[in-house]
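Enquirer: sequence plus predicted model, see below.
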Amino acid sequence: MAQKVQRVKGVNDILPLEAKQWQALEHIVKQVMDRYAFGEIRPPIFEKTELFARGVGEDTDIVSKEMYSFSDMSKSSLTLRPELTAGVVRSYIQNNLQQISPVQKLWYEGPMFRQERPQKGRYRQFWQFGAEAIGSPNPEQDAEMIALFYAILKELGIEKSVTLKINSIGDGESRALYRSALQEFLRPHLSLLSETSQKRFESNPLRILDSKAPNDKDLVKDAPKIRECLNDASATHYAEVLKMLEAMDIPYVQDDLLVRGLDYYTHTIFEFTSNALGAQDAICGGGRYNDLIKELGGQDVPAIGWASGIERLLLVVDELQPLKTDSGLDLFLIVQGEDIRVKAPKLIHEWRSAGLNCDLDTLRRSMKAQMREANRQEARYVAILGEEEFDQGVVQLKNFETGEQEAVSFNDVVSTIKKALSS
Ligand code: ATP
Ligand code: MG
């Protein structure tokens, strides 16, 4: 036997049964996006490496160690997208989307790629859906973005077991102030910090706040808080966001240590976490990124966005409130007799053309085996067709749930089933 090829480490096959859960989730996401007036965007899966280096930031985990980069025939360095904010912003700039409307509300879904250590809830190819609102600097846009994800959680029925953590890292002026305050606080303990944090002390001290190293965690507990360093404009913006969340009954917890891993954030940042997950408990992360568009060569346009990991979200859903899916198969046609086998395809073709989801056996198996297959596929109806039925132009239509059975003429099969299914 030829040797089997195994899938690459850290990626998943989503098989049909599981795909039903994905489709149910995607259906909800799409509906909620429509309700909030977000339009879908589908940027490419790979981009120039430079986009992520500049757009996500050289100092981030993603760019410094997680990217799948390769060069193509023209020797340009390309990268499989590790996230989509940079790609959406590139697309926004390149396609002059601001000319269509000064506020662009966009959503996306698709696979992302990061070379991380695979474990439950952490993969090398994983899926995200996300949303970006580009154009408005105002707190109502922040509140709308958060409400948008909260609405999806509500539709999934899991909003009560999810925590919204929120913080503000303010504008540039506030962050500069805080940076100094934090460095001043940490300086006497510099040698106690982890190696990574020592490196970040100059380049990006805020990231020390979300270090996972126990020593660092102990130290930063008593560090000054960003909130206390916000200038008036930043503090007002943040307070208004919180006020609007309260008005919309969206519970939140302020988390002074939340800084998020990406370099591009300003003002409001947030994360949704679930206690139904283990260590990988973040199901959504986002924030405002007022400087990114300018940094990527566009105009000075403010924006805010978030992204949610579908595999993790489905782990929570699975644990707490599995999504309702149905088999989708309306009818299984059971065929008896050699002659009938060659006549059945035309019949089922007509029913399918009329919009019925139906199937039949192509292995020429016994009645019993066909019945078993209909059962396995959870068909709502079976139609039994033998020589005698064929001569009379009917099938024995059996409702799998009630067991009721009646002879129905070929022409009436579709209408009979459709009527029954709609009632
Ligand atoms: P984490 O802290 O768990 O590494 P992150 O801050 O790197 O998350 P983001 O870049 O903000 O994550 O991505 C948004 C969401 O995408 C996360 O909240 C998570 O649900 C999901 N996600 C991120 N990385 C992975 C991964 N490797 N596998 C599966 N899902 C992921
Ligand atoms: Mg990460």
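Expert: Sure thing, it's come through. Ligands and ions are numbered 1, 2, ... in the order given.
Enquirer: quickly list what the residue of the stretch 151-300 of the chain found nearest ligand 1 is bridged to.
Expert: Nearest to ligand 1 in the stretch 151-300 of the chain, going by CB to the nearest ligand atom, is G285, at a distance of 3.2 Å. To be clear about C-beta, it is placed using only N, CA and C from the backbone, and glycine gets the same treatment. Taking DSSP bridges as the rule, G285 bridges to E271, A307.
Enquirer: quick check: residues of the stretch 251-400 of the chain near ligand 1?
Expert: Residues of the stretch 251-400 of the chain lying close to ligand 1 by CB under 6 Å from any ligand atom are 261, 280, 282-285, 307-309, 311-312.
Enquirer: one more pass at 8 Å, please.
Expert: Taking CB under 8 Å from any ligand atom as the criterion, the stretch 251-400 of the chain approaches ligand 1 at residues 260-262, 271-272, 280-286, 306-313.
Enquirer: from those, which would you call buried?
Expert: For these, a burial check counting by 16 or more other CB atoms under 10 Å picks out 260, 262, 271-272, 280-286, 306-313.
Enquirer: phi first, then psi, for the closest residue to ligand 1 within the chain.
Expert: Nearest residue of the chain to ligand 1, counting by CB to the nearest ligand atom: G309, 2.5 Å away. Torsion angles at G309 (phi, psi; degrees, to the nearest 10) stand at phi -90, psi 120.
Enquirer: give me every residue that touches it.
Expert: For G309, the contact set (CB atoms under 8 Å, 6 or more residues apart in numbering) comprises 121, 126-128, 282-284.
Enquirer: same check, this time on H189
Expert: L219.
Enquirer: packing partners of the longest helix along the chain?
Expert: Taking DSSP state H as the criterion, the chain has its longest helix at helix 16-35. Counting by 3 or more CB pairs under 8 Å, 6 or more residues apart in numbering; DSSP states H and E, the packing neighbours recorded for helix 16-35 are strand 104-113, strand 125-134, helix 139-156, helix 310-320.
Enquirer: quick one: that helix to helix 139-156, angle?
Expert: Inter-element angle recorded for helix 16-35 and helix 139-156: 140 degrees (by axes from the mean of the first three to the mean of the last three CA atoms, to 10 degrees).
Enquirer: and helix 16-35, which residues are buried?
Expert: 20-22, 24-25, 28-29, 32-33.
Enquirer: dump those into a markdown table; add distance to ligand 1 and pLDDT as well.
Expert: Shown next, in a markdown table, are these (distance: CB to the nearest ligand atom, whole Å; pLDDT from 0 to 100):
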| residue | distance to ligand 1 | pLDDT |
| --- | --- | --- |
| K20 | 20 | 92 |
| Q21 | 16 | 94 |
| W22 | 14 | 96 |
| A24 | 18 | 95 |
| L25 | 13 | 97 |
| I28 | 16 | 97 |
| V29 | 14 | 98 |
| V32 | 17 | 98 |
| M33 | 17 | 98 |
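Enquirer: can you name the two of those residues that are farthest apart?
Expert: Among the buried residues of helix 16-35, the pair separated by the greatest distance (CB to CB) is K20 and M33, at 20.4 Å.
Enquirer: hmm, back to that, dump the helices and strands packed on helix 16-35 into a markdown table; add mean pLDDT as well.
Expert: Output for the helices and strands packed on helix 16-35, formatted as a markdown table (pLDDT from 0 to 100):
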| stretch | mean pLDDT |
| --- | --- |
| strand 104-113 | 98 |
| strand 125-134 | 98 |
| helix 139-156 | 98 |
| helix 310-320 | 93 |
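Enquirer: next, format these as CSV and append distance to I208.
Expert: Output for the helices and strands packed on helix 16-35, formatted as CSV (distance: least, CB to CB, whole Å):
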stretch, distance to I208
strand 104-113, 26
strand 125-134, 27
helix 139-156, 25
helix 310-320, 26
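Enquirer: out of those, which is closest to M244?
Expert: Nearest to M244 among those is helix 139-156; the distance by CB to CB comes to 3.7 Å.
Enquirer: any idea of the mean pLDDT in the helix or strand just after that closest one?
Expert: Heading C-terminal from helix 139-156, the first helix or strand you meet, by DSSP states H and E, is strand 162-168. Strand 162-168 comes out with an average pLDDT of 97.
Enquirer: roughly how far is strand 162-168 from the heart of the chain?
Expert: 18 Å (CA atoms, centre = their mean, to the nearest Å).
Enquirer: helices and strands around it, which ones?
Expert: Applying 3+ CB pairs under 8 Å, 6+ apart, one finds that strand 162-168 makes contact with helix 139-156, helix 232-247, strand 253-254, strand 266-274.
Enquirer: show me what the last one is packed up against.
Expert: Read it as strand 266-274. helix 139-156, strand 162-168, helix 232-247, strand 282-288, strand 303-309.
Enquirer: please state the offset of the longest helix of the chain from the chain centre?
Expert: In this view, helix 16-35 has its centroid 10 Å away from the chain centroid, taken as CA atoms, centre = their mean.
Enquirer: what lies in contact with that helix?
Expert: In contact with helix 16-35 (CB under 8 Å, 6+ apart) are residues 14, 40, 107, 109, 129, 131, 148, 151-152, 155-156, 310, 313-314, 317-318, 322-325, 328.
Enquirer: wait, a strand at V11?
Expert: No. Secondary structure of V11 (DSSP: H, G, I helix; E, B strand; the rest coil): coil, not part of a strand.
Enquirer: buried only: go through the contacts of helix 16-35 for me.
Expert: 107, 109, 129, 131, 148, 151-152, 155-156, 310, 313-314, 317, 323.
Enquirer: related to what we said a few turns ago, other SSEs contacting the helix or strand following the longest helix of the chain?
Expert: Using DSSP H and E, the helix or strand that follows helix 16-35 in sequence is strand 39-40. On a contact count with 3+ CB pairs under 8 Å, 6+ apart, strand 39-40 meets strand 104-113.
Enquirer: burial check on the closest residue to E240 other than its chain neighbours, number of neighbours?
Expert: Leaving out its chain neighbours, the residue that sits closest to E240 by CB to CB, 6 or more residues apart in numbering is P139, at 3.9 Å. Each residue near P139 was counted by other CB atoms under 10 Å, and the total is 22.
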